[in-house]
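Peer 1: when you get a sec, could you give me coordinates for this:
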Amino acid sequence: MIFEILNAKGKELASIDLIKNAIFEELDNEIPADIAKETWLQIRNNLCSRALRIEFASFYRHFWISHYGKVQDNKLYSDFLKKVQKNEESYLSFLKDMEKESKRYATILKPNLEIDFNNKKEYAFMIEELTAINNVFSIVQIRPVFLSLFYMHFEKKVLTYRLLKKIIKGLSCFHFAYNAICSKRTSSLETPLNTFALNEAIKELKQLLIDLLPTEEEFVENFTKLKFSKKNISSNVLTKYAINKWQCLLDGSDTMLPDSSIEHIEDEDDNIADTCLIGNLLLLEQRINSRMPTNSSFKEKLVYYQDSKYSMVDNFIKENSGKISWSEEDILKRGQTWAKE
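Peer 2: The predicted structure is shown next:
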């Protein structure tokens with residue numbers, strides 16, 4: 001009651017505290033157990049698992065959007081009072097839904113094939129895509145969409161595996177182009193998908209993404225500037241991801257190769273900035289890269305490349321076998337061609 005009075009008098013209180021207060025006021029039974037308190041604690045534990053420390057308020061906002069629709073932060077409490085019926089059964093069901101979704105939220109942020117997907121290899125792609133979105137692209141706003149997708153696939157069983165995979169891969173590709181490569185501000189993509197008109201919701205999201213895509217010229221300009229250095233520079237992670245992803249696309253594979261390394265076709269040179277550009281990079285087996293002598297000529301490197309089983313290297317040899325050297329012009333041209341493809 002004190003919380004309510006303070007809020008009515010203009011004292012700013014966090015929406016999540018007000019919501020918790022409302023739930024605990026209704027679910028005040030402590031015999032045989034304080035279900036509300038125990039469930040709330042379990043939600044917190046889920047959010048702190050896997051070496052994660054997720055803010056309860058952040059999770060709650062994304063949970064609410066994924067199930068009930070988008071709303072401003074300062075309207076979360078009033079929206080809760082309006083959309084969740086005030087009685088013991090309804091509030092208890094709401095709490096249990098939150099508890100389930102908190103586990104899924106942890107999965108979205110730090111997926112584990114064994115824990116989350118019973119070691120089913122068909123879900124291995126999800127580990128790579130979610131890890132990239134979280135750790136390489138650093139995208140937060142898309143989490144309600146993932147909560148909706150997981151809920152509709154694993155809980156409601158109305159979203160097929162095939163469509164789930166297609167959507168997640170599409171979202172990953174979009175954020176790679178839009179955020180990671182072109183550094184555009186993330187538009188609000190907090191779109192709930194778990195509606196009765198699921199297919200319509202997916203179509204709307206797809207069209208929204210298509211309308212936001214950067215132009216080819218903008219993408220090419222930014223993609224060709226990607227760099228990878230033996231030194232620890234900020235772009236290394238994204239550039240390595242881009243090269244590994246391209247190899248996956250060439251092979252039609254869902255997962256990246258585990259034994260790969262980045263090879264500079266023209267050896268990295270501090271005095272030649274272009275040698276770090278993506279047009280000068282190949283994905284090569286570690287065993288080949290490690291035994292190639294330093295300062296090998298382009299012709300000598302081509303001989304070593306012959307041992308590679310990677311599609312990227314095979315294509316490179318076919319396209320450049322007639323060359324005796326590798327120039328700055330070659331680097332820039334290859335980067336542009338690669339970006340367009």
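
Peer 1: which residues in the stretch 1-150 of the chain form helices?
Peer 2: Under the criterion DSSP state H, counting those that start in this stretch, the stretch 1-150 of the chain contains helices at 2-8, 15-26, 35-47, 56-68, 76-83, 88-109, 113-117, 124-131, 143-150.

Peer 1: redo the ones you listed as TSV? Include distance to L213.
Peer 2: Every C-beta, even on glycine, is put in place using the N, C-alpha and C of the backbone. As requested, the helices of the stretch 1-150 of the chain are arranged in TSV below (distance: least, Cβ to Cβ, whole Å):
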stretch	distance to L213
helix 2-8	43
helix 15-26	34
helix 35-47	33
helix 56-68	23
helix 76-83	31
helix 88-109	24
helix 113-117	30
helix 124-131	18
helix 143-150	17
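
Peer 1: would JSON lines of those with mean neighbour count, mean pLDDT and distance to A180 be doable?
Peer 2: Formatted as JSON lines, the helices of the stretch 1-150 of the chain follow (neighbours: other Cβ atoms under 10 Å; pLDDT from 0 to 100; distance: least, Cβ to Cβ, whole Å):
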{"stretch": "helix 2-8", "mean neighbour count": "12", "mean pLDDT": "66", "distance to A180": "41"}
{"stretch": "helix 15-26", "mean neighbour count": "18", "mean pLDDT": "90", "distance to A180": "31"}
{"stretch": "helix 35-47", "mean neighbour count": "17", "mean pLDDT": "94", "distance to A180": "26"}
{"stretch": "helix 56-68", "mean neighbour count": "21", "mean pLDDT": "94", "distance to A180": "21"}
{"stretch": "helix 76-83", "mean neighbour count": "16", "mean pLDDT": "94", "distance to A180": "30"}
{"stretch": "helix 88-109", "mean neighbour count": "18", "mean pLDDT": "96", "distance to A180": "18"}
{"stretch": "helix 113-117", "mean neighbour count": "15", "mean pLDDT": "94", "distance to A180": "24"}
{"stretch": "helix 124-131", "mean neighbour count": "18", "mean pLDDT": "95", "distance to A180": "13"}
{"stretch": "helix 143-150", "mean neighbour count": "24", "mean pLDDT": "93", "distance to A180": "17"}
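
Peer 1: so which of these gets nearest E216?
Peer 2: Distances from E216 to each of these were compared using Cβ to Cβ; the minimum, 23.3 Å, belongs to helix 124-131.

Peer 1: for Y161, see how far away A22 is.
Peer 2: A22 sits 38 Å away from Y161, taking Cβ to Cβ, to the nearest Å as the criterion.

Peer 1: can you check F298 too?
Peer 2: As it turns out, when the distance is counted by Cβ to Cβ, F298 lies 45 Å from Y161.

Peer 1: of the two, which one has the most company?
Peer 2: Ranked by neighbour count (other Cβ atoms under 10 Å), F298 and Y161 place F298 first, with 16 against 11.

Peer 1: quick one: contacts for the more buried one?
Peer 2: When the contact criterion is Cβ atoms under 8 Å, 6 or more residues apart in numbering, the partners of F298 are 265-266, 323-326.

Peer 1: for PyMOL, write a command that selects the buried ones of those.
Peer 2: Per 16 or more other Cβ atoms under 10 Å, the buried members of these correspond to this PyMOL selection:
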select buried, resi 265+266+326
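
Peer 1: mind checking which of the contacts of F298 land in strands?
Peer 2: Using DSSP state E, no member of those falls within strands.

Peer 1: for L257, find the nearest of the helices of the stretch 1-150 of the chain.
Peer 2: helix 124-131 (11.5 Å).

Peer 1: can you tell me what sits against the closest one?
Peer 2: Defining contact as Cβ under 8 Å, 6+ apart, one finds that helix 124-131 is touched by 108-109, 111-113, 117, 146, 165, 168-169, 171-172, 254-256.

Peer 1: with stretch 57-75 instead?
Peer 2: Applying Cβ under 8 Å, 6+ apart, the set of residues contacting stretch 57-75 from outside is 14-16, 19, 43, 47, 76, 79-80, 83, 97-98, 101-102, 105, 143-145, 147-148, 151, 188, 190-194.

Peer 1: repeat for stretch 219-237
Peer 2: Surrounding stretch 219-237, the residues in contact under the criterion Cβ under 8 Å, 6+ apart are 135-136, 177, 181-183, 238-240, 242-243, 262, 264, 268, 276-279, 281, 332, 335-336, 338-340.

Peer 1: in stretch 257-277, which residues are buried?
Peer 2: The neighbour-count criterion (16+ other Cβ under 10 Å) identifies 257, 260, 262-268, 274-277 as the buried residues of stretch 257-277.
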